[in-house]
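Asker: coordinates only, sequence not included:
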C-alpha cells in the first residue's frame with residue numbers, strides 16, 4: 001500500500017540550526033529519498049511563493065500565499081510503499097522534522 005508522508009514545519013525553523021546540523025539533516029532526508037520503498041517526494045519550497053486557487057461561479061480567483069494562516073505549513077512530502085501503517089510510521093519517524101519540532105502526517109493513498 002502507498003502512504004503519503006506529509007512534512008509540516010514552522011517557517012524559519014530550518015535557519016535556527018547550524019550549518020553542520022542542516023547538512024546532517026539533509027543527508028537524512030536524502031537517505032529516505034534513496035530508500036527503495038520511496039516512490040517520490042519533494043521539498044515544496046518557499047512558502048511565500050505559494051499561490052492559492054479557487055473557482056467561484058466559473059471565475060478563477062488567486063491569492064498570494066498559502067490557503068490557511070497557521071504556524072505550521074506543508075513543506076514537503078514523501079510517497080512510499082509500505083506493508084502496513086506501522087511500517088509507514090517507522091519511515092515517518094526517520095524524517096528529521098519529526099524530531100525537530102515539526103509534524104509528519106501519514107495518510108494512505110487511495111488509488112483510482
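Answerer: Received the coordinates, thanks. Keep in mind it's a predicted model, so treat the numbers as computed, not measured. Residues are numbered from 1 along each chain as shown.
Asker: can you name the residues bridging to residue 105?
Answerer: Following DSSP bridges, residue 105 is listed with bridge partners residue 6.
Asker: wait, doesn't it sit right on residue 8?
Answerer: Yes: the pair residue 105 and residue 8 qualifies as a contact (Cβ atoms under 8 Å) at a distance of 6.7 Å. C-beta coordinates here come from the backbone N, C-alpha and C atoms, glycine included.
Asker: more crowded one of those two?
Answerer: Neighbour count, other Cβ atoms under 10 Å: between residue 105 and residue 8, residue 8 has more, with 18 against 12.
Asker: leaving out the residues flanking it, which one is nearest to residue 92?
Answerer: residue 104 (4.2 Å; Cβ to Cβ, 6 or more residues apart in numbering).
Asker: how many neighbours does the one you found have?
Answerer: 22.
Asker: the one 4 residues further on now?
Answerer: Look at residue 108: counted by other Cβ under 10 Å, it has 12 neighbours.
Asker: what's it sitting at in phi/psi?
Answerer: Per-residue torsions, residue 108: phi -70, psi 140 (degrees, to the nearest 10).
Asker: need the contact list for it.
Answerer: Residue 108 makes contacts with 1-4, 85, as judged by Cβ atoms under 8 Å, 6 or more residues apart in numbering.
Asker: ditto for residue 97
Answerer: Each residue near residue 97 by Cβ under 8 Å, 6+ apart is listed here: 7-9, 75, 103-104.
Asker: nice, that's everything, thank you.
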